[in-house]
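> Fold the following and give me the result.
(2 chains)
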Amino acid sequence: KQEVTQIPAALSVPEGENLVLNCSFTDSAIYNLQWFRQDPGKGLTSLLLIQSSQREQTSGRLNASLDKSSGRSTLYIAASQPGDSATYLCAVRESNFGNEKLTFGTGTRLTIIP
Amino acid sequence: NAGVMQNPRHLVRRRGQEARLRCSPMKGHSHVYWYRQLPEEGLKFMVYLQKENIIDESGMPKERFSAEFPKEGPSILRIQQVVRGDSAAYFCASSLSGTNEKLFFGSGTQLSVL
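Numbers count the residues shown, from 1 in each chain, chains lettered A, B, ... in the order given. Down below sits the predicted model:
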């Protein structure tokens, strides 16, 4: 059974710092991995999607990497801003045919201190 | 181009009543997923539907819960005879053609059972 873990559960950093969020998964047979952002009381916003054949994806100040063999992904946020404060979730889709569901981690709650 | 629309945003029910949650996917999307987020827990997959078909309901409780995605109209998640443990945020997501692509989430329905 796939399990996704995100550590730390919460993180506070001063504005302007670069930071890394971690995600690990137990079964390396994944199809893709997706990073989401969730704001309080709101839905999820997809940030980056990495296919299993890819090593990383970049969008603006965000960079996500994937090491499938070790079961790890990182989300790097450069030059953090107060607007980056949110809960960040990673989710994996397993590679068995017909399995469309995502398995989510419990998230890292990020606070950027002005 | 409206995103995934869920209604109502908040739903209050007394124990034993029925709850009906609606989800309209993004325009052109024919794949719908329902997830549940219990307090202090990650999102858990419930069901995956395509138009008029339930593809994967492995995450649905065996009793009281049902889902549909008719040819016309929104997807409906129905919970009969609600209990306090059903209190959670229910999120709907859609994609163009399965989860090899990004999932787009709605803002969720917060169900509170009194």
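> can you give me the strands in the chain?
Just so you know, I chose chain A. In chain A, the strands defined using DSSP state E lie at A:4-7, A:10-14, A:19-25, A:30-38, A:44-51, A:56-59, A:62-67, A:72-77, A:86-94, A:102-104, A:108-113.
> Wait, chain B was what I had in mind.
So, for chain B - with DSSP E - the strands run B:5-7, B:10-13, B:19-24, B:31-37, B:43-50, B:53-56, B:65-68, B:75-79, B:88-95, B:104-105, B:109-113.
> picking up where we left off before, save the strands of chain A as TSV, and put in mean neighbour count too.
For every residue, glycine as well, the C-beta is placed using N, CA and C. Below are the strands of chain A laid out as TSV (neighbours: other C-beta atoms under 10 Å in any protein chain shown):
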stretch	mean neighbour count
strand A:4-7	18
strand A:10-14	12
strand A:19-25	19
strand A:30-38	22
strand A:44-51	19
strand A:56-59	14
strand A:62-67	19
strand A:72-77	20
strand A:86-94	24
strand A:102-104	24
strand A:108-113	17
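> right, and these - which one's nearest B:Q80?
strand A:102-104 (26.3 Å; C-beta to C-beta).
> helices or strands up against that closest one?
Applying 3 or more C-beta pairs under 8 Å, 6 or more residues apart in numbering or on different chains; DSSP states H and E, one finds that strand A:102-104 makes contact with strand A:86-94, strand B:31-37, strand B:43-50.
> shaky segments in chain B?
Along chain B, segments meeting pLDDT under 70 span B:1, B:98-100.
> and the residue lying closest to A:D39 once chain neighbours are set aside, what is it in contact with?
With C-beta to C-beta, 6 or more residues apart in numbering or on different chains as the criterion, A:D39 has its nearest non-adjacent residue at 5.1 Å, and that residue is A:A86. When contacts are counted by C-beta atoms under 8 Å, 6 or more residues apart in numbering or on different chains, A:A86 touches A:37-39, A:109-110.
> One more pass at 10 Å, please.
Residues near A:A86 by C-beta atoms under 10 Å, 6 or more residues apart in numbering or on different chains: A:36-40, A:42, A:44-45, A:47, A:107-112.
> Between those residues, which sits nearest B:R36?
Of the contacts of A:A86, the one sitting nearest to B:R36 (C-beta to C-beta) turns out to be A:L44, at 13.2 Å.
> Unless I'm misreading it, that closest one sits right up against B:G42, doesn't it?
No - A:L44 is not in contact with B:G42 according to C-beta atoms under 10 Å; the separation is 11.3 Å.
> Can you pull the residues that touch both of these two?
By C-beta under 10 Å, 6+ apart, the residues touching both A:L44 and B:G42 are A:89, A:91, A:104, B:35.
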